[in-house]
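turn this into a structure:
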Amino acid sequence: MCYCRQEGWPKPHCVFLVDIFNHAASKDLCPDNPATVVIKRIEKKQRKRHTAEGLRAIREVSPVWLQNAIDIALITAQRRNDILDMAFQAARKEAGCYAGWSDAELPGFHEIRAFSLHLYKKAGKDGQKIAGHASSGMTKNYQKDHDEIIWSEANPDLDISEISGKF
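This is a model prediction of the structure:
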């Protein structure tokens, strides 16, 4: 396992780093690929595990939606984002919206972030700060494909009688 995976980076980032350093090494810009070096974790994980008593106490003081999320997490052993996505997909299906869209086209919970940034832009506000983006380019990436259609008047008055033979 490469260093970046041990540090908990998402797999696409690791693959990207490995590719970059492979290219750099092939051009003699660096002696080897540091992204593939295995480094043993030095520090021990300090976070402890839940106990039945502790989780029960947390669940009892939680709002219903969080109790449901805890129950789903216990039953399915899925990650929090997966649970949120499952719940969102079920609600989207029940709402019956986006009929005729393929599974690949259906927006998930994460796309709410993009829609939020679109609404900030539409309101004339700076969505970059609220999103915590370091660059305006990343904010623009989220905002793309939300542009409103701007209609313009056109007067189709080209004389094609020379070609069509009609006025």
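
how much space separates the residue nearest the centre of the chain from Gly137?
Taking Cα atoms, centre = their mean as the criterion, His110 is the residue nearest the geometric centre of the chain, at 5.0 Å. As defined by Cβ to Cβ, to the nearest Å, His110 lies at a distance of 18 Å from Gly137. All C-beta atoms are positioned from the backbone trio N, CA, C, and that covers glycine.

local confidence estimate at the residue nearest to the centre of the chain?
pLDDT, His110: 80.

equivalent analysis for Val38, please.
In this model, Val38 carries a pLDDT of 59.

next one: Gly96
91.

neighbours of it, just the number please.
Neighbour count for Gly96, taken as other Cβ atoms under 10 Å: 7.

domain-wise, how is this structure divided?
3-36, 110-147 (automatic domain parsing).

contacting residues around Gln143?
114, 117-118, 121, 127 (Cβ atoms under 8 Å, 6 or more residues apart in numbering).

among the residues you listed, which pair sits farthest apart?
Ala114 and Lys121 (10.7 Å; Cβ to Cβ).

distance of the residue nearest to the centre of the chain relative to Lys140?
17 Å.

what pLDDT is listed against Ala99?
Note on Ala99: pLDDT of 88.

count the neighbours of it for me.
5.

any idea how far Val15 is from it?
From Ala99 to Val15 the distance is 36 Å (Cβ to Cβ).

now swap in Glu53 and tell me
Glu53 is 42 Å from Val15, by Cβ to Cβ.

of the two, give the one with the bigger neighbour count.
Between Glu53 and Val15, Val15 has the larger neighbour count (other Cβ under 10 Å), namely 14 against 8.

give me the three-state assignment for the more buried one.
Of the three states, Val15 takes helix under DSSP: H, G, I helix; E, B strand; the rest coil.

next one: the one 10 residues further on
Under three-state DSSP, the three-state class of Ala25 is helix.

do I have it right that it meets Pro31?
Yes - using Cβ atoms under 8 Å, Ala25 is in contact with Pro31, at 7.1 Å.
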